[in-house]
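J.: output the structure for:
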Amino acid sequence: MLTRPSLQEILKWREHVDQRITELFFDRSSEEVFQRFASLVLLGINHEQQHQELLLTDIQHLFSLNPLYPTFVDGLLRIVRKQMDHDACSRDMKFSWFASSIYSIGSNGDIHFSFDNEGPEHTVYLDEFAIGCRLVTNREFMEFIEDGGYRDPLLWLSDGWAYVGREGWEAPLYWTPRDSEWYSFTLRGLLPLNSDAPVCYVSYYEADAYAKWCGLRLPREEEWEVAARELPLSGTFLESTVFEPLPIVSLSPSPREWPILQQMFGDAWEWTMSPYVPYPGFRPVKGPLGEYNGKFMCNQQVLRGGSCFTPASHIRLTYRNFFSPSARWQCAGIRLAKDPD
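T.: Coordinates of the predicted model:
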């Protein structure tokens, strides 16, 4: 309903910005000014990568409101789905255990780039904990729905239960029942729900309620980072152009190799039970950039790991994403954790 710039106007503005940025880069009259400018550009590039992800999730949400269920992309996912190991996803959830110890958490600034909220590096003591070997699947979440999970107030945080009643939540966002089957809206349109794929588009409240239903909990962000620190930064990212979290490819049947932590990076952001607060010793930078992350450190929950919409070069072990606990339009899923009996 609003007038927007034409494509020609947008391209003209982009050309103007590119020209001015290039002029600034070649102006080396002051090395100090140049270094300051270069650091701002690096921050801007990483911020733009966040926009690339949000543009796609915004498009998906906007298209989902259209009763014709338009498609954004088509074709590739049908090929990818044939390669998945459905038997691996049907196995019971396994857990990897980590010993009680003092661990180092956060960025120490020795990598190419990190946001200020990822540091400073600090130590934490963690009691023994276990973390799920994979993300919770759509099939497993369906059992929660069929068992009346959305109708049991004992499973829900008070604010979450208020959202269930006010918003009429009965299933994850984009799930639609048709002819006694569940369908899910994707950037490829409305498709039959892939039962073996990770459940996503759930709020923190839904993730927490599901964990309680299982008699378990969500991981703390420190636990998640400790569990993922030896793993490669590989997974289903934006560059795959799949735009959906995928089932795990395989899990070794060998008891010696099982369990193996999978899907820690890519596929779906993982809710943690940690509130988004500053690390010990955090100091926002002076000036407007100090507001980039610091002013949001209230009433948010931390998510880790990236999603199928995240650029692969954007994610890091220490990356801290954050959203309101009621947010459902972001590609966020569930990994379970537990304490010793």
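
J.: please enumerate the helices of this protein.
T.: Using DSSP state H, the helices of the chain run over 7-26, 31-64, 76-81, 86-90, 138-146, 158-167, 204-213, 221-228.

J.: other residues contacting the fifth one?
T.: Residues from elsewhere that reach helix 138-146 (Cβ atoms under 8 Å, 6 or more residues apart in numbering): 89-90, 93, 170-172, 182, 184, 193-199, 202, 209-210, 213, 334. Heads up, the C-betas are built off the backbone N, CA and C, glycines and all.

J.: pLDDT on it, on average?
T.: For helix 138-146, mean pLDDT rounds to 97.

J.: between that helix and helix 204-213, how big is the angle?
T.: Going by axes from the mean of the first three to the mean of the last three Cα atoms, to 10 degrees, helix 138-146 is angled at 80 degrees with respect to helix 204-213.

J.: same check, this time on the last one
T.: Taking the same axes, to 10 degrees, helix 221-228 and helix 204-213 form an angle of 70 degrees between their directions.

J.: counting by contacts, list what helix 221-228 packs against.
T.: In terms of contacts (3 or more Cβ pairs under 8 Å, 6 or more residues apart in numbering; DSSP states H and E), helix 221-228 is packed against strand 95-98, strand 101-105, strand 122-126, strand 129-132, strand 269-275, strand 301-304.

J.: pull the residues that contact the first one.
T.: By that I understand strand 95-98. Against strand 95-98 from outside (Cβ under 8 Å, 6+ apart): 126, 128-133, 223, 226-227, 259-261, 336, 338.

J.: next: the last one.
T.: Strand 301-304 has contacts (Cβ under 8 Å, 6+ apart) with 204, 221, 224-225, 228, 269-276, 319-325, 330, 332.

J.: and the two most separated of the contacts of strand 95-98?
T.: Largest separation among the contacts of strand 95-98 by Cβ to Cβ: 126 and 260, giving 20.9 Å.

J.: returning to that earlier point: buried ones only from the contacts of strand 95-98, please, as a ChimeraX command.
T.: Selection of buried members from these for ChimeraX, criterion 16 or more other Cβ atoms under 10 Å:
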select :126,129,130,131,132,133,223,226,227,259,261,336,338
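
J.: of all the contacts of strand 95-98, the one with the weakest confidence?
T.: residue 259 (57).

J.: buried residues in stretch 145-156, which are they?
T.: Result for stretch 145-156 [16+ other Cβ under 10 Å]: buried residues 145, 149-150, 155-156.

J.: endpoint to endpoint, stretch 146-163 covers what distance?
T.: Criterion Cα to Cα, to the nearest Å; first-to-last residue distance in stretch 146-163 is 19 Å.

J.: where along the stretch 201-341 of the chain do the strands fall?
T.: Applying DSSP state E, counting those that start in this stretch to the stretch 201-341 of the chain gives strands spanning 269-275, 301-304, 321-323, 332-333, 337-338.

J.: so what touches the first one?
T.: When you say that, I think you mean strand 269-275. Taking Cβ under 8 Å, 6+ apart as the rule, strand 269-275 contacts 135, 202, 204, 207-208, 217-224, 264, 300-307, 310, 321, 330-335.

J.: need the buried ones from these selected in PyMOL.
T.: In PyMOL, this line selects whichever of the contacts of strand 269-275 come out buried by 16+ other Cβ under 10 Å:
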select buried, resi 135+202+204+207+208+218+219+220+221+222+223+224+264+300+301+302+303+304+305+306+307+310+321+330+331+332+333+334+335
